[in-house]
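Q: just to be clear, the model below is a prediction. Sequence and coordinates:
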There are 2 protein chains.
Amino acid sequence: MPETLLSSRNLAFELYEVLDAQALAQRPRFAEHSRETFDAALATARTIAEKLFAPHNRKADENEPRYINGRAELIPEVKPAVDAFLEAGFLNANRDYDAGGMQLPSLVSQACFAHFQAANAGTTAYPFLTMGAANLIESFGTDEQKRLYLQPMIEGRYFGTMALTEPHAGSSLADIRTRAEPADDGTYRLKGNKIFISGGDHELSENIVHMVLAKLPDAPPGVKGISLFIVPKYLVNDDGSRGSRNDVSLAGLFHKMGWRGTTSTALNFGDQGQCVGYLVGQPHQGLACMFQMMNEARIGVGMGAVMLGYAGYLYSLEYARQRPQGRMPDNKDPHSPAVPIISHTDVKRMLLTQKAYVEGAFDLGLYAARLYDDTHTAQDQLQRDQAQQLLDLLTPIVKSWPSTFCLKANELAIQILGGHGYTREYPVEQYYRDNRLNPIHEGTEGIQSLDLLGRKLAQNNGAGLKQLIRQIAATAERASHHANLDAMRQPLEHLVNRLQAVTLSLLGDLAQSKVASALANSALYLKVFGHCVVGWRWLEQAIHAELGLLNGTAADRDFYQGKLQAARYFLTWEIPGCHNELALLEARDDTCLTMQEGWF
Amino acid sequence: MPETLLSSRNLAFELYEVLDAQALAQRPRFAEHSRETFDAALATARTIAEKLFAPHNRKADENEPRYINGRAELIPEVKPAVDAFLEAGFLNANRDYDAGGMQLPSLVSQACFAHFQAANAGTTAYPFLTMGAANLIESFGTDEQKRLYLQPMIEGRYFGTMALTEPHAGSSLADIRTRAEPADDGTYRLKGNKIFISGGDHELSENIVHMVLAKLPDAPPGVKGISLFIVPKYLVNDDGSRGSRNDVSLAGLFHKMGWRGTTSTALNFGDQGQCVGYLVGQPHQGLACMFQMMNEARIGVGMGAVMLGYAGYLYSLEYARQRPQGRMPDNKDPHSPAVPIISHTDVKRMLLTQKAYVEGAFDLGLYAARLYDDTHTAQDQLQRDQAQQLLDLLTPIVKSWPSTFCLKANELAIQILGGHGYTREYPVEQYYRDNRLNPIHEGTEGIQSLDLLGRKLAQNNGAGLKQLIRQIAATAERASHHANLDAMRQPLEHLVNRLQAVTLSLLGDLAQSKVASALANSALYLKVFGHCVVGWRWLEQAIHAELGLLNGTAADRDFYQGKLQAARYFLTWEIPGCHNELALLEARDDTCLTMQEGWF
């Protein structure tokens, strides 16, 4: 039976050939793990995803949450799926054994989670948001807050959200208006409106813990005046029992293009003046706290985009294998049987492009998870710091590149299915609609491009960038021992060298406060930088494919050949195409900058 | 009030500055017309589109046709809209006065029709299909067929469809299985199943005339054995009155990603063995007849793609003007007011890209309509032939380029609206979903690429290509008199020269039967060729913008500046980017060709 969520051969390639998950099991934190325990967790994830998540993916799309008497009602299939996810321990996959976790490396837990993201983006969002909110309280909460809110979240009894966006301020958190007034008892009273709050209401859990950004009365203006609060849907008594309803109300639901299984809510805080909140961390430091959650969320969003792309790729691949249609262009005999459409070169192109995008982005997402493991468990502090620097730099790419290119993959999957792909009788159009959210939420592509060019590159004196350049050079050096890879390595080296020069020059402009012109074409920069990173990851995969061909079994030959062909596609078709963007960046092209509003 | 369907200033620019519609009024066929009559027709189209088509665009999306007791039921708003369209004469806009038409040039009637396509793609499809079917009978039908079927279609009492696709044969018409057996009375009995038949059932008209492709018993295999039939939903008595129901049944409706207002049907012909059909044209010549309809349809589909892009562009433009968010990157003062997002360079980029795509494609579509007028009404036969040759060559571009790039424009419109754009509370996500059909129906992008490279280029000894090269050279020559345009003209000339060389070399390969490798990268060829054509049209627009700046009024300065900036965007950002694809074509890159099924 064809695989529908991801290729398990490719997953094994990533974990055990490219990213060396087994080496992680040598580290003290993961000492009780081994390939066997990793594979067991992955098999469990796959089973639950296939049996409980995938089957209601279309139904949830067709029956989006309904607003009934102030609450959101979901289809009944969601809860048993989420319960099985909790029961199997995936909510706490990385957490300490002592805290009820599985103490898995992030590399492996991300790979587990990927199955759910491919099977059903909408249902998977509920535990995903809860994990982020729980991590935030774990990092910044008081012991009391951990006892009352984190513990029931770990137990799967409470779920969480992140409540940032307001109607008048989407990307511009500096301008939020939600207020938090101190009360006499050390708590706060919140007042304000939030929109697009995913998972903002449902009855999957006893309680919902909203992590809310708001401003204290003495807050300085802008992003330096934002504080973080716990605002539970139901108040919690000191003994942990659920108290009365807090003054948080569901103002309405948004009706989305896709991702319909997840409630997207408008929440009103403090309509009755009685919305109780609890400050998390220091006053005015909320954004810094939230950024920890957002950075995790951004990696998760990136992986979500990958997996929707992956599911579409596998579906269109199987369709192309089964669907007979037409003949080869040099065959004029109408009596000859039709060939499966996978034989047509243009269909191969669309499949190969998808493969290059989704397997490239899949590798990138898992590489980021591996880096995250290094930030905690690498042998010495220097390695940990370096991993953190590189991860910080790559975060905008890990979030945005799959959001753009795995979405393109979804578009190609529709195209391969043709008229059928356009109907809701087949799943590929939903994958596109679901994935269309990813370039928007958790920071739009525009925000990511400014984060990369205007902030991350220069962070820590450019330490992350230096790491990256060093890593790419090391990969290229190893690749240079394989003559077969020369034609793939050279375009990458050429582009990276030029990108480095353009980067230094742009950073120079920024240092001289030529901000507007340096940032004007940040979208082009994001694209080229992302392509360089993914090109590097493809060269890395190609090296391991070469090694596999040398050392592997005959049964694996096709797999490795496919890897090499996809690497070839990406490095010889896509990478050279980036020079046009680089030339525009080099020239500080001002076509967009000088466009005037009145000219449109 | 902002315009929502298209910019009437831009339309006037196209008609009266770039494409010289007034010159058409000098021709005998259009002698009773003038700018005044053209503008009156356009104003009527706009009024009906705004008042009767646009208001139910969302409702039709949310309430797609339902299958009830063997028939398709539409929302009630569709019929009055279509009736007003018929009443105003747009169905017969090009037809002779004698036949009840307006005898408008195709240039103007396409511009009228564009308003409806922008307002409501789903409802507009019904008259659109009827126009195509009517033209087919007009060209190939007998006098009897014209009396019984064409005349009531002209009167708007009967509607039409084109019924080509079968479940096992989407793009591969050679393999259709629908059979037509001769009956004793000179009619035929059809038996077969068709799918994706748009407008295949509804109650908007007294009758539906299906134009059906089927094979006669003595048909040679392949495309040379296809015949064309009229198959009415209701039989028609000799006196023109409606007879009994024909044996055509509605097997079901498809549920699409978008374009939901148009029924997409599965039709069974001859389930009871009683499906009466009438041969149109000669036996086995059906595909040639149908291609006339398809070529018209392809231009119409291209314009439809443009107009969905145009509507999204205008909506996102207005949103960007109204929506305050964030500050300029060099402004660190959080007390300063938020700016409208149109001030952000990256938003300008997304708007400018949309403008370049939709106004470039709009010009191309109208240019094609102008060529169509020339095929009938140019002064001498040579000019008419030349127009036909060029139009034949451009048809795959007119169909496919807007389908790809105005769809990208829709994606950008969503992005500008951010989270709001992703909700169904705003129209831009529907524009995307509606437009997603256009790269699929009426010949997929893959089919268009093979049509261009494998067929159209070499047609008439390359006469169309020679026409095109000559036209581009003439435009470049005129542009060379404007020093301001040098930086736009040069990249185009450079690309066109190289494309010419690659084209000759590919045609050489095809002549030597190196078919597989020559056609392998036809998708890249289609993209580059399309960009050259649109780049040429942008240079043409830029010349007229320069002339406008020299001769126009002060009030028009902004308009012309915007044109020049969009031309600059397209010619200096997008055109140079095509060299990567050309290099792959030059090298006969075989990455996709050599990819093996087993390697995926």
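A: Great, that's in hand. Residues are numbered from 1 along each chain as shown, chains lettered A, B, ... in the order given.
Q: ok but residue A:95 is inside a strand, no?
A: No - the assignment for residue A:95 (DSSP: H, G, I helix; E, B strand; the rest coil) gives coil, which keeps it out of a strand.
Q: quick one: the residue nearest to it when sequence neighbours are not counted from residue A:131, how far?
A: In this structure, residue A:95 finds its nearest non-sequential neighbour in residue A:101, 2.6 Å apart by C-beta to C-beta, 6 or more residues apart in numbering or on different chains. For every residue, glycine as well, the C-beta is placed using N, CA and C. Distance, residue A:101 to residue A:131, by C-beta to C-beta, to the nearest Å: 11 Å.
Q: next: residue A:598.
A: 48 Å.
Q: which one's more surrounded, the two?
A: residue A:131 (26 against 10; other C-beta atoms under 10 Å in any protein chain shown).
Q: that one belongs to a helix?
A: Yes - counting by three-state DSSP, residue A:131 is located in a helix.
Q: OK, contacts around residue A:87?
A: Contact analysis of residue A:87 by C-beta atoms under 8 Å, 6 or more residues apart in numbering or on different chains lists nothing.
Q: and what of residue A:590?
A: A:517, A:520.
Q: next, the closest residue to residue A:166 other than its chain neighbours: phi, psi?
A: Among residues not flanking residue A:166 along the chain, residue A:176 sits closest, at 5.2 Å (C-beta to C-beta, 6+ apart). Phi and psi for residue A:176, reported as degrees, to the nearest 10, are phi -60, psi 150.
Q: what's the distance between residue A:176 and chain B?
A: Separation of residue A:176 from chain B (C-beta to the nearest C-beta, to the nearest Å): 11 Å.
Q: residues of the stretch 351-500 of chain A that sit close to chain B?
A: Within the stretch 351-500 of chain A, the positions lying close to chain B (C-beta under 8 Å from any C-beta of the partner chain) are A:351-352, A:355, A:411, A:414-415, A:418-425, A:429, A:432-433, A:436-437, A:439-441, A:444-446, A:449-450, A:454.
Q: can you say which of these are buried?
A: Buried members of these, scored by 16 or more other C-beta atoms under 10 Å in any protein chain shown, are A:351-352, A:355, A:411, A:414-415, A:418-424, A:429, A:432-433, A:436-437, A:439-441, A:444-446, A:449-450, A:454.
Q: nearest spatial neighbour of the residue in the stretch 251-400 of chain A that chain B sits nearest to, chain-adjacent residues omitted?
A: Closest to chain B within the stretch 251-400 of chain A is residue A:334: 2.9 Å, counting by C-beta to the nearest C-beta. Nearest non-adjacent residue to residue A:334, counting by C-beta to C-beta, 6+ apart: residue B:222, 2.9 Å away.
Q: that neighbour: neighbour count?
A: Around residue B:222 there are 17 other residues, counting by other C-beta under 10 Å.
Q: dump the residue contacts of residue A:47.
A: Contacts of residue A:47 by C-beta under 8 Å, 6+ apart: none found.
Q: I meant residue A:80, not that one.
A: By C-beta under 8 Å, 6+ apart, the residues touching residue A:80 are residue A:52.
Q: sweet, I'm off.
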